[in-house]
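A.B. asks: got a structure for you, letters missing:
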Ligand SMILES: O=C(O)CCC(=O)C(=O)O
Ligand SMILES: [Fe+2]
């Protein structure tokens, strides 16, 4: 019998959102519209109880560590995120990261296309990976690059312009690596676990991806989303927000909340892998990005992903009679996660042990 042909890929590149915006008719394609938009995406509340701010300086100092670790524990078990300050990166360095990102998206289309994502690859410049015909697309262009481990960097898709791009990104990735260590240690301590417990998940072969999200203005912010609701498939995520334009919203108790901008802070959120490791004590929050009818918005996101070869499962010490094990063991979770994401589904549901 003849072998059946490999399924034809439907992941063909679509026009960048930046190009759509330039279309004088501004008739954006139907597949960007969320049919169930309801009252619109702009109506999120501001949190009455602020999204917590965690000061790394207080965690590092013996006199204040205990209280700040309690705050960290509380932040991750309620919101699933916090804004971190005193993280060691200066405002001017963060501005440089924002600046080179902006300069890249301002380049002519031909220059950006040199670093285009190939079908079925996640790295490179482009937009949504198309995995199903009915997929609702995100109103954002992006560039995704693997920055760690260093020997896996695919320089073929790293922008050549602006000329500082590579250096600034390499420096940012180094800083994030150091910060990840401190935060993972603090998270473990806040659960009374041995300090290295989460850190072990990202020794040597852990992967870090950066994603630059560029959201052009959109004439219908009530019907279109910059990024559809999702939780991250990472261990943890660092988000550098736009300094001027809000857009990130978080779901808590079935209600969407706006995340305020603190320009010198990074928003740190738990990803699904941390939720699994912590046996559900830390929450991987659902979030989405809304867009603006007049202003563009740009964010830079670092996803710290567990080693794809490592089995992820709840830490033994966090499983007991009063808190039974909630998740199965999973491997290469990031890959499963992407497929679920493009179908608008939550991958972690598949990892839950059904009662
Ligand atoms: O741009 C934002 O505010 C959200 C980005 C995000 O959630 C992501 O890239 O996973
Ligand atoms: Fe996200």
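C.D. replies: Perfect, I can see it now. Keep in mind it's a predicted model, so treat the numbers as computed, not measured. Ligands and ions are numbered 1, 2, ... in the order given.

A.B. asks: from memory residue 270 sits against residue 287, does it?
C.D. replies: No. The pair residue 270 / residue 287 is not scored as a contact, 11.2 Å apart, by C-beta atoms under 8 Å. For glycine as for every other residue, the C-beta is placed from the backbone atoms N, C-alpha and C.

A.B. asks: which one's more surrounded, those two?
C.D. replies: residue 270 (28 against 23; other C-beta atoms under 10 Å).

A.B. asks: which residues sit in contact with residue 101?
C.D. replies: Each residue near residue 101 by C-beta atoms under 8 Å, 6 or more residues apart in numbering is listed here: 212, 214, 298, 300.

A.B. asks: check contacts around residue 94.
C.D. replies: Residue 94 makes contact with 240, 263-264, according to C-beta under 8 Å, 6+ apart.

A.B. asks: tell me the one of the contacts of residue 101 nearest residue 324?
C.D. replies: Proximity of the contacts of residue 101 to residue 324 (C-beta to C-beta) peaks at residue 300, which lies at 38.7 Å.

A.B. asks: give me the neighbour count for the closest one.
C.D. replies: Applying other C-beta under 10 Å, I find that residue 300 has 21 neighbouring residues.

A.B. asks: sorry, back to before: PyMOL command for the buried members of the contacts of residue 94?
C.D. replies: Here is the PyMOL command that selects the buried residues among the contacts of residue 94 (16 or more other C-beta atoms under 10 Å):
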select buried, resi 240
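
A.B. asks: all helices in this structure, in order from the N-terminus.
C.D. replies: Along the chain, counting by DSSP state H, helices occupy 17-22, 56-60, 62-78, 91-106, 109-113, 165-190, 272-277, 333-342, 348-351.

A.B. asks: other SSEs contacting the longest one?
C.D. replies: Using 3 or more C-beta pairs under 8 Å, 6 or more residues apart in numbering; DSSP states H and E, the elements in contact with helix 165-190 are helix 56-60, helix 62-78, helix 91-106, strand 141-148, strand 207-215, strand 236-240, strand 297-305.

A.B. asks: just want the angle from the fourth one to helix 165-190.
C.D. replies: Taking axes from the mean of the first three to the mean of the last three C-alpha atoms, to 10 degrees, one finds strand 141-148 and helix 165-190 inclined to each other by 70 degrees.

A.B. asks: partners of strand 141-148 in the sheet?
C.D. replies: In the sheet, strand 141-148 lines up against strand 124-126 (antiparallel), strand 207-215 (antiparallel) (DSSP bridges).

A.B. asks: need the residues that contact it.
C.D. replies: 16-18, 104-105, 115, 117, 122-127, 152-154, 157-159, 169-170, 173, 177, 206-214, 216, 302.

A.B. asks: what residues are up against the residue in the stretch 251-355 of the chain that ligand 1 sits nearest to?
C.D. replies: Nearest residue of the stretch 251-355 of the chain to ligand 1 (C-beta to the nearest ligand atom) works out as residue 299 at 3.5 Å. Listed by C-beta under 8 Å, 6+ apart, the contact partners of residue 299 are 212-213, 239-242, 247-248, 289.

A.B. asks: against residue 329, how distant is the closest residue in space to it that isn't next to it in sequence?
C.D. replies: Nearest non-adjacent residue to residue 299, counting by C-beta to C-beta, 6 or more residues apart in numbering: residue 213, 4.7 Å away. Noted for residue 213: a distance of 32 Å to residue 329, by C-beta to C-beta, to the nearest Å.

A.B. asks: ok, those two, which is more surrounded?
C.D. replies: Applying other C-beta under 10 Å to residue 213 and residue 329 shows that residue 213 carries more neighbours, namely 23 against 11.

A.B. asks: who does that one bridge with?
C.D. replies: Here residue 213, judged by DSSP bridges, has bridge partners residue 142, residue 299.

A.B. asks: residues contacting it?
C.D. replies: Counting by C-beta under 8 Å, 6+ apart, residue 213 has contacts 140, 142, 226-227, 289, 298-301.

A.B. asks: try residue 189
C.D. replies: Contacts of residue 189 by C-beta under 8 Å, 6+ apart are 69, 195.

A.B. asks: mind checking how far it is from ligand 1?
C.D. replies: 27 Å (C-beta to the nearest ligand atom, to the nearest Å).

A.B. asks: same thing with residue 15?
C.D. replies: Distance of residue 15 to ligand 1, computed by C-beta to the nearest ligand atom: 21 Å.

A.B. asks: just residue 242 next, same as before
C.D. replies: Going from residue 242 to ligand 1 by C-beta to the nearest ligand atom gives 8 Å.

A.B. asks: quick one: neighbours of that residue, just the number.
C.D. replies: Residue 242: 23 neighbours (other C-beta under 10 Å).

A.B. asks: check residue 28 too.
C.D. replies: Residue 28: 20 neighbours (other C-beta under 10 Å).

A.B. asks: from what I see, it and residue 20 are in contact.
C.D. replies: Yes. Using C-beta under 8 Å, residue 28 makes contact with residue 20 at a distance of 5.5 Å.

A.B. asks: what's near enough to touch the closest residue to residue 82 other than its chain neighbours?
C.D. replies: Of all residues not flanking residue 82 in the chain, residue 75 sits nearest, at 4.0 Å (C-beta to C-beta, 6+ apart). By C-beta under 8 Å, 6+ apart, residue 75 lies in contact with 51-52, 54, 81-82.
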